[in-house]
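>>> have a look at this prediction, sequence included:
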Protein chains: 2
Amino acid sequence: MPIYVVGHKIPDSDSICSAIALAHLKNQIGEPAVATRLGELSPETQYILDKFGFETPEYKTSYAGEKIFIVDHSEVGQAPDDVADATIVGIVDHHKLGDLTTSTPLECWIRPVGCSNTIIKQMYDFYGIEIPKNVAGVMLCAILSDTVIFKSPTCTPVDKAAVEDLARLAGVDDIVALGMEMFKVKSAVEGTPVRDLVKRDFKDFDMNGHKVGVGQLEVIDLAVFDSIKDDLQADIAALKEEGGRHSVLLLLTDIMREGSEMLVVSDSADLTERAYGKPTTDGKVWLEGVLSRKKQVIPSLQDAFK
Amino acid sequence: MPIYVVGHKIPDSDSICSAIALAHLKNQIGEPAVATRLGELSPETQYILDKFGFETPEYKTSYAGEKIFIVDHSEVGQAPDDVADATIVGIVDHHKLGDLTTSTPLECWIRPVGCSNTIIKQMYDFYGIEIPKNVAGVMLCAILSDTVIFKSPTCTPVDKAAVEDLARLAGVDDIVALGMEMFKVKSAVEGTPVRDLVKRDFKDFDMNGHKVGVGQLEVIDLAVFDSIKDDLQADIAALKEEGGRHSVLLLLTDIMREGSEMLVVSDSADLTERAYGKPTTDGKVWLEGVLSRKKQVIPSLQDAFK
């Protein structure tokens, strides 16, 4: 019986590349493992897999009776629906500690770094397993994506050191050029249904009993949203009602200008005032210097719900 | 502001020795840390600290506004009462994943091994920090205690390898003799108040909404309990009522005979039948081969509550 290595719902590049990289490592150390996914690939992730020659991991939503290794989160809400009927043998993550629990001992490699793949790089080092060129490539891309090419405040020296090693192993000379190529793919939002954009990197959080959805779109230039911003606002309002959410926030992140415009629908009119000291005007607020949902958006939001 | 390294309530040797060993490591890598404890030392732990020349860590129960590193559990119920007002910066543990959560990223070194100190040994190796002789001594003793001198099914090859290294560093030639010395201290139950014995290594678990307390006493010969068994049974019945518990179980473990007599008071008359396939008779049941609460007692119990 293999171990299924699976990231969160609405998988981002880190979730998919972590599953691939960790499954490979597990197979090398004699623990048969298969990378799976809980949702569709984003254009960015598809670009990464194409570039380094990987097939899309198997789409698999049910894990009852199976062994699973969770990557890139530790939250029940982001895990397979039947996670309670699976055996979680391990977790690799770089977020806050979520509400997953187990009834048996497991391995958790959780570190306050910028990307799960940085931790998986440490696991390869721990086991003394060489990272193949194509695996190094997808790990590298995931770190560049999660750290916004080192610009995110979540980026640590450990991430940078991992990227250096992985770039060498992957034969990548110009790291920044690779990163910008990826973010260009990410910035091509035209022609994509609005709901797909809103849900592309969308996570629901439990905030003191309230369901709060927070999405993020990272682009090279916010101008790509000019013609669709009204539609995005209408859609997050719809999403709020559909899911019985207290609030839905959508971060439109400009990675060059290094800040985010947050679109806001909420039952609390003063939510961003309380969380970030800035009022919401016309359903929008500009957050200077904010690139990281995890580090700069969620903690203050959680405090505002206390 | 230092990081306080603290184990679980009613600390066992692993909780205390982990706090000491990890605080030392943290100080070596430039993160000021202080070992603390949430309760009295057991005679076994006192013996270990005396043998290797350590002071008793500071008794400290309030951590509001402080940074804490949790060792040897990941359960709210075993953490400081005001853990929600502290910042958990890390967890080292070897049990099932509990219900602690955080609002910020952290480091978790959780492994399915026999003892938290085995993981701390890996952390020393990861950071390339030498383990001083006396620190190696307490780490070694904690592993021998948790693994019942390698007899427990929780013991892994990683624990044995750690013990080998630590024994060399601590200058201990005869590991088994050291272990037996410790367990002799542990077996001296005469003259100790019954309630102290019951609570010496006692943990409450949330089992599907029911509070279940499980204590364990490990001795070299169960005969030491002959004259006090009735008192122990009366006391766990009292403890059940006092704490509004569904059940209280007390494992009397014979490490030489390699099995445990379980004393049982429960709202479910058939609890041990359902959990272990063996009925409770006169409030007692013998569980052959059972040495480990974590691996052989808790999981089946949890299943019985599903």
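Sure thing, it's come through.

>>> who's in contact with the lowest-mean-pLDDT helix or strand in chain A?
Taking mean pLDDT, DSSP states H and E as the measure, the helices and strands of chain A show their lowest mean at strand A:202-207, namely a mean of 90. For strand A:202-207, contacts defined as Cβ atoms under 8 Å, 6 or more residues apart in numbering or on different chains pick out A:8, A:10, A:77-78, A:99, A:211-216, A:243, A:245-246, A:293, A:298, A:301-302, A:305. Where you see a C-beta, it was placed from the backbone N, CA and C, and this is true even at glycine.

>>> narrow these to those in helices?
A:Ile298, A:Leu301, A:Gln302 (DSSP state H).

>>> give me the pLDDT for the first one.
Right, the one you point to is A:Ile298. Listed pLDDT for A:Ile298 reads 93.

>>> quick one: residues contacting it.
Residues in contact with A:Ile298 (Cβ under 8 Å, 6+ apart) are A:Lys96, A:Phe205, A:Val214, B:Ser103.

>>> mind redoing it with 10 Å?
Taking Cβ atoms under 10 Å, 6 or more residues apart in numbering or on different chains as the contact definition, A:Ile298 lies against A:His95, A:Lys96, A:Lys203, A:Phe205, A:Met207, A:Val212, A:Val214, A:Leu249, A:Ala275, A:Ser292, B:Ser103, B:Thr104.

>>> so what sits opposite the fifth one in the bridge?
A:Met207 has the following beta-bridge partners by DSSP bridges: A:His210.

>>> next one: it from A:Asp93, what distance?
19 Å (Cβ to Cβ, to the nearest Å).

>>> more neighbours: which of the two?
Set A:Met207 next to A:Asp93 and count neighbours by other Cβ atoms under 10 Å in any protein chain shown: A:Asp93 wins out with 26 against 19.

>>> continuing past whatever helix or strand A:Ala23 lives in, what's the next helix or strand?
Assigned by DSSP states H and E, A:Ala23 belongs to helix A:13-28. Where DSSP H and E defines the elements, the next helix or strand beyond helix A:13-28 is strand A:33-37.

>>> parallel or antiparallel, which strands does that following strand pair with?
strand A:3-6 (parallel), strand A:58-59 (parallel).

>>> can you show me the strands along the stretch 101-250 of chain A?
Under the criterion DSSP state E, counting those that start in this stretch, the stretch 101-250 of chain A contains strands at A:107-110, A:202-207, A:210-219, A:247-254.

>>> for the residue nearest to the spatial centre of chain A, which non-adjacent residue is closest in space?
In chain A, the centroid-proximal residue (Cα atoms, centre = their mean) is A:Asp12; its distance is 4.7 Å. Spatial nearest neighbour of A:Asp12, excluding adjacent residues (Cβ to Cβ, 6 or more residues apart in numbering or on different chains): A:Asp201 at 5.5 Å.

>>> winner for burial among the strands paired with strand A:33-37?
Stretch with highest mean neighbour count among those: strand A:3-6 (a mean of 26; mean count of other Cβ atoms under 10 Å in any protein chain shown).

>>> can you give me the neighbour number for A:Gly171?
9.

>>> in the stretch 151-300 of chain A, which residue sits nearest chain B?
With Cβ to the nearest Cβ, the shortest gap between the stretch 151-300 of chain A and chain B falls at A:Pro299, namely 5.4 Å.

>>> contacts only, for that residue.
The contact partners of A:Pro299, taken as Cβ under 10 Å, 6+ apart, are A:Lys96, A:Ala275, B:Thr102, B:Ser103, B:Thr104, B:Pro105.

>>> and the stretch 51-200 of chain A, which residues reach chain B?
Neighbours of chain B within the stretch 51-200 of chain A, by Cβ under 10 Å from any Cβ of the partner chain: A:74-75, A:84, A:88-114, A:119, A:122, A:125-126, A:154.

>>> in PyMOL, how would I select just the buried ones from those residues?
Buried subset of these, written as a PyMOL selection, criterion 16 or more other Cβ atoms under 10 Å in any protein chain shown:
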select buried, chain A and resi 74+75+84+88+89+90+91+92+93+94+95+96+97+98+100+101+102+103+104+105+106+107+108+109+110+111+112+113+114+119+122+154
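
>>> hang on, A:Glu261 in a strand?
Yes: when the secondary structure is assigned by DSSP: H, G, I helix; E, B strand; the rest coil, A:Glu261 falls within a strand.

>>> which one is it nearest to, not counting chain neighbours?
A:Leu252 (4.5 Å).

>>> isn't the one you found up against A:Leu217?
Yes: at 5.6 Å, A:Leu252 counts as touching A:Leu217 under the criterion of Cβ atoms under 10 Å.

>>> quick check, pLDDT for the closest residue in space to A:Val76 that isn't next to it in sequence.
Distances taken as Cβ to Cβ, 6+ apart put A:Asp99 closest to A:Val76, at 5.2 Å, once the chain neighbours are dropped. Per-residue confidence (pLDDT) for A:Asp99: 95.

>>> where's A:Asp99 relative to B:Val185, distance?
40 Å.

>>> now do A:Gly283
Per Cβ to Cβ, A:Gly283 is found 68 Å from B:Val185.

>>> got it, and A:Val265?
For A:Val265, the distance to B:Val185 - Cβ to Cβ - is 63 Å.

>>> what do you get for A:Leu251?
Separation of A:Leu251 from B:Val185 (Cβ to Cβ): 58 Å.

>>> out of the two, which sits in the busier spot?
A:Leu251 (22 against 16).

>>> measure the more buried one to A:Lys199 for me?
13 Å.

>>> any common contacting residues for those two?
Common contact partners of A:Leu251 and A:Lys199 (Cβ under 10 Å, 6+ apart): A:Gly215.

>>> what count of nearby residues applies to the closest residue to A:Leu41 other than its chain neighbours?
Spatially, and ignoring its direct neighbours in sequence, A:Leu41 is nearest to A:Thr56 (6.0 Å; Cβ to Cβ, 6+ apart). The number of residues packed near A:Thr56 is 15, by other Cβ under 10 Å.

>>> quick one, what contacts A:Thr56?
A:Ile16, A:Ile20, A:Ala35, A:Arg37, A:Glu40, A:Leu41, A:Thr45, A:Gln46, A:Leu49, A:Asp50.

>>> buried subset of those residues?
Buried by 16+ other Cβ under 10 Å: A:Ile16, A:Ile20, A:Ala35, A:Arg37, A:Leu41, A:Thr45, A:Leu49, out of those.

>>> any low-confidence regions in the stretch 151-300 of chain A?
Of all residues in the stretch 151-300 of chain A, none has pLDDT under 70.

>>> and the stretch 201-306 of chain A, which of its residues are near chain B?
Counting by Cβ under 10 Å from any Cβ, the stretch 201-306 of chain A sits next to chain B at A:Asp206, A:Met207, A:Lys294, A:Lys295, A:Ile298, A:Pro299, A:Ser300, A:Leu301, A:Gln302, A:Asp303, A:Lys306.

>>> kindly reformat those as TSV containing distance to B:Ile29.
Converted to TSV, those look like this (distance: Cβ to Cβ, whole Å):
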residue	distance to B:Ile29
A:Asp206	34
A:Met207	34
A:Lys294	24
A:Lys295	22
A:Ile298	28
A:Pro299	25
A:Ser300	29
A:Leu301	32
A:Gln302	29
A:Asp303	30
A:Lys306	33
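
>>> domain parsing for chain A?
What automatic domain parsing lists as the domains of chain A is A:3-184, A:194-304.

>>> for B:Ala142, find the nearest of those domains.
domain A:3-184 (16.6 Å; Cβ to Cβ).

>>> mind checking how far that closest one is from the chain centre?
Computed by Cα atoms, centre = their mean, to the nearest Å, the chain-centroid distance of domain A:3-184 equals 10 Å.

>>> ends of it, what's the gap?
35 Å (Cα to Cα, to the nearest Å).

>>> check stretch A:291-304 too.
For stretch A:291-304, the end-to-end distance is 19 Å (Cα to Cα).

>>> mind listing what's buried along that stretch?
Buried residues in stretch A:291-304, counted by 16+ other Cβ under 10 Å: A:291-302, A:304.

>>> go on, stretch A:267-279?
A:Ser268, A:Leu271, A:Thr272, A:Ala275, A:Tyr276.

>>> among those, which ones are in helices?
If you go by DSSP H, these have A:Leu271, A:Thr272, A:Ala275, A:Tyr276 in helices.
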